[in-house]
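> With the input below, show me the fold.
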Amino acid sequence: MEQFNVALALDRLLPAAQYGNSLTANTEAAYNALRWQDDRPKPNWADIVAAGEAMLAEAAAPPLSTQLEAVLKQAGQALTSQTPTPEIIALVRNVMAINNELTSLANTFGGDNELYRQSALAAITDLGELPEALEPARQAMLGVLQ
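Alright, predicted model coming up:
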């Protein structure tokens, strides 16, 4: 199992915490030996471990743009199974436009940040009412982004 960075985990829980001594050893003993100088309570070791493991999991997860791309592909497959009414054709065009917009955003600003997340949420919300068969795809897209 990969070792998390204790100092980064602490900073995630309490940004810019004030303490003396060093976390260079990156161990529980080093953490316990800190001279706590912050007004906020010192997190317990279990909280540090949980924050560190969460950071490792986030780092291992594919970027939002990659996750959303997979869900958009599923939505596209669901769309192709629909009778091609004018409404479905318009919806296909909207999904394509959203895909192009999000791809451009990811290429320009990166696909794993708050700007991307908020833009994707707005685009998916703007789709409006969907046929019942496509609602699971929207929920999956929203699940990736929340």
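> residue ranges of the helices in the protein, please?
Ranges of helices in the chain, per DSSP state H, are 6-13, 28-32, 45-60, 64-80, 86-109, 114-125, 135-145.
> mind checking which of those is nearest residue 22?
helix 28-32 (6.7 Å; C-beta to C-beta). C-beta: built from backbone N, CA, C; applies to glycine.
> that older thread, identify whichever of the helices of the chain lies nearest to residue 39.
Of all those, it is helix 6-13 that lies closest to residue 39, at 14.4 Å by C-beta to C-beta.
> if we can go back for a sec, okay, the helices of the chain, which one's buried deepest?
helix 6-13 (a mean of 18; mean count of other C-beta atoms under 10 Å).
> hmm, who's touching the least confident helix or strand in the chain by mean pLDDT?
Every helix and strand in the chain was compared by mean pLDDT, DSSP states H and E; the lowest is helix 64-80, with a mean of 71. Outside helix 64-80, the residues that touch it by C-beta atoms under 8 Å, 6 or more residues apart in numbering are 61, 88, 91-92, 95, 98-99, 102-103, 106, 111-112, 116-117, 120, 133-134, 136-138, 140-141, 144-145.
> Alpha carbons only: can I get that helix in CSV?
Extracted in CSV, the C-alpha atoms of helix 64-80 (Å, rounded to 0.1, in the frame of the first residue of the first chain):
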residue,chain,number,x,y,z
LEU,A,64,-13.6,13.9,-14.1
SER,A,65,-13.4,14.4,-17.9
THR,A,66,-12.4,10.7,-18.4
GLN,A,67,-15.2,9.5,-16.1
LEU,A,68,-17.8,11.8,-17.7
GLU,A,69,-16.7,10.8,-21.2
ALA,A,70,-17.5,7.1,-20.4
VAL,A,71,-20.9,8.1,-19.1
LEU,A,72,-21.6,10.3,-22.1
LYS,A,73,-20.8,7.3,-24.3
GLN,A,74,-23.4,5.3,-22.4
ALA,A,75,-25.9,8.1,-22.9
GLY,A,76,-25.1,8.1,-26.6
GLN,A,77,-25.8,4.4,-26.8
ALA,A,78,-29.1,4.8,-25.0
LEU,A,79,-30.0,7.6,-27.4
THR,A,80,-29.4,5.4,-30.4
